[in-house]
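*Asks:* I would like to see how this sequence folds:
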Amino acid sequence: MHWLQRLSKHCLFLLACLAALGLAIPQEERVSNFFGRHTGTSGHTNNWAVLVCASRYWFNYRHMANALGMYRTVKRLGIPDSNIILMLADDTACNARNRFPGSVYAKAGRHLDLYGDNIEVDYRGYEVTVENFIRLLTGRVDPSVPRSKRLLTDDRSNIFVYMTGHGGNEFLKFQDNEEISAFDIADAFEQMWQKKRYNEIFFMIDTCQANTMYSQFYSPNILATGSSDIGENSYSHENDNDIGVSVIDSYTHFVLEFMEGINKTSQVSMQDLFSSYDPVKIRSHPGVRSDLFQRPLKSALITDFFGGVSQAEIFPVIEDADTTMQHFTRVSSPDHVVPPDPVSPHAHHGHDFDKANASALMPQEDAVVFGVRWKDIRKWTSIVIVGILVGWVSFVR
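*Replies:* Now for the predicted structure:
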């Protein structure tokens, strides 16, 4: 029995040490551990999608279904409509030849309407032009363009760019009227990089000789994939006898089929997606270009581009009164507080500083300092209480 008492004492002492160690961990570290980013992070804080159907006319039904299928997927995985730019001729759903008005289907069974009731087309009809696409990417839009038609990205944005239509060696046709070249897209991406408009880009294209469209890229942090090699066509997957035309392209069909197994918390990587490519089923040879991409494909999650972002930014606690004053001076509206002079040691005492604002900030400053001290008091009080309990239990036994 005596050795059991000793063992219980040692266990209690060990528990007390672990409790004290846990309480001594800084608050910032505990929060960071809880909200920490996943491994292999890309460092992004927001996701965007640019989906382009460059074709028009009824016989290009499948290209519209391609884009709408991608639209449904990125929305299902968490990217909101505010972060999706959809460029679509939009002349299929209500076409006079459509036996199912207001609907677009990607499978012959017609179980899923891709057009539906909840779709937001940002650029439609003759707005789908090379100029508008380039202006969208580079941010050089007219001041009259509404926010819903702008790509409001920054250097922490991951962007998924999907394009589909008719193309050839290093070009893609826009509505049988004009063309965009691989050089145009490459230069637009470079402008985006120089202007800090993206963190990483995933470029996917489904067209004939699609792999040539990313051959001219030279900007960093770009991952690209295409449906067919140079000299190859990109074929449709299946026809619908009632609709009378092909309803989806083969490459996009199998990508979407793979994506149906992905949810918002999936840990499936981009390498898994590329490994799923089967040239026999697709009837062409999809390609991948990753030399400009900085991360291993196994650590780049599909949801890094297709999914919404749900992670927290961790900021240090403001413990110093002077730091508190500078913080509130910096983030407050300039109509109420004059920014401090970073050079002058008397920035808060000069004539440019509003005394009324200073007095208004003092209660906030005191509250922050008091909160920090109260946390320290609670920490050490808990340690003392645990120590007293351990000593009391040891004494009783």
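*Asks:* How much space separates R110 from S290?
*Replies:* R110 sits 37 Å away from S290, taking CB to CB, to the nearest Å as the criterion. In this view, the C-beta of every residue, glycine as well, is placed from N, C-alpha and C.
*Asks:* typo on my end, it should be E127
*Replies:* Distance of E127 to S290, computed by CB to CB: 33 Å.
*Asks:* go on, E257?
*Replies:* In this structure, E257 lies at 23 Å from S290, with CB to CB as the measure.
*Asks:* Looking at those two, which has the bigger crowd around it?
*Replies:* Neighbour totals were compared for E257 and S290, and S290 leads with 17 against 13 (other CB atoms under 10 Å).
*Asks:* Roughly how far does the more buried one sit from F217?
*Replies:* Distance, S290 to F217, using CB to CB: 11 Å.
*Asks:* Overlap of the contact sets of the two?
*Replies:* A224 (CB atoms under 8 Å, 6 or more residues apart in numbering).
*Asks:* pLDDT weak spots in the stretch 251-397 of the chain?
*Replies:* When the per-residue scores of the stretch 251-397 of the chain are filtered using pLDDT under 70, the ranges that remain are 310-374, 393-397.
*Asks:* can you give me the helices for it?
*Replies:* Along the stretch 251-397 of the chain, counting by DSSP state H, counting those that start in this stretch, helices occupy 270-275, 279-282, 303-306, 321-331, 355-396.
*Asks:* quick one: the first one to chain centroid distance?
*Replies:* Here the centre of helix 270-275 is set off from its chain's centre by 18 Å, with CA atoms, centre = their mean, to the nearest Å.
*Asks:* cool, the second one as well?
*Replies:* Its chain's C-alpha centre lies 30 Å from the corresponding centre of helix 279-282 when counted by CA atoms, centre = their mean.
*Asks:* do the same with stretch 53-71
*Replies:* Stretch 53-71 sits 24 Å away from the centroid of its parent chain (CA atoms, centre = their mean).
*Asks:* Output that stretch as PDB - backbone C-alpha positions only.
*Replies:* Taking C-alpha atoms only, stretch 53-71 is exported to PDB below (Å, rounded to 0.1, in the frame of the first residue of the first chain):
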ATOM      1  CA  CYS A  53     -16.800  29.800 -72.200                       C
ATOM      2  CA  ALA A  54     -15.300  31.400 -75.400                       C
ATOM      3  CA  SER A  55     -17.900  29.900 -77.800                       C
ATOM      4  CA  ARG A  56     -21.400  30.800 -78.800                       C
ATOM      5  CA  TYR A  57     -24.200  29.300 -81.000                       C
ATOM      6  CA  TRP A  58     -26.300  26.200 -80.400                       C
ATOM      7  CA  PHE A  59     -23.900  23.600 -81.800                       C
ATOM      8  CA  ASN A  60     -21.300  24.600 -79.100                       C
ATOM      9  CA  TYR A  61     -23.700  23.600 -76.300                       C
ATOM     10  CA  ARG A  62     -21.100  21.400 -74.700                       C
ATOM     11  CA  HIS A  63     -18.700  24.400 -74.100                       C
ATOM     12  CA  MET A  64     -21.400  26.100 -72.100                       C
ATOM     13  CA  ALA A  65     -22.000  22.900 -70.200                       C
ATOM     14  CA  ASN A  66     -18.200  22.700 -69.500                       C
ATOM     15  CA  ALA A  67     -18.100  26.100 -67.900                       C
ATOM     16  CA  LEU A  68     -21.400  25.700 -66.000                       C
ATOM     17  CA  GLY A  69     -20.100  22.300 -64.600                       C
ATOM     18  CA  MET A  70     -17.000  24.100 -63.200                       C
ATOM     19  CA  TYR A  71     -19.200  26.900 -61.900                       C
END
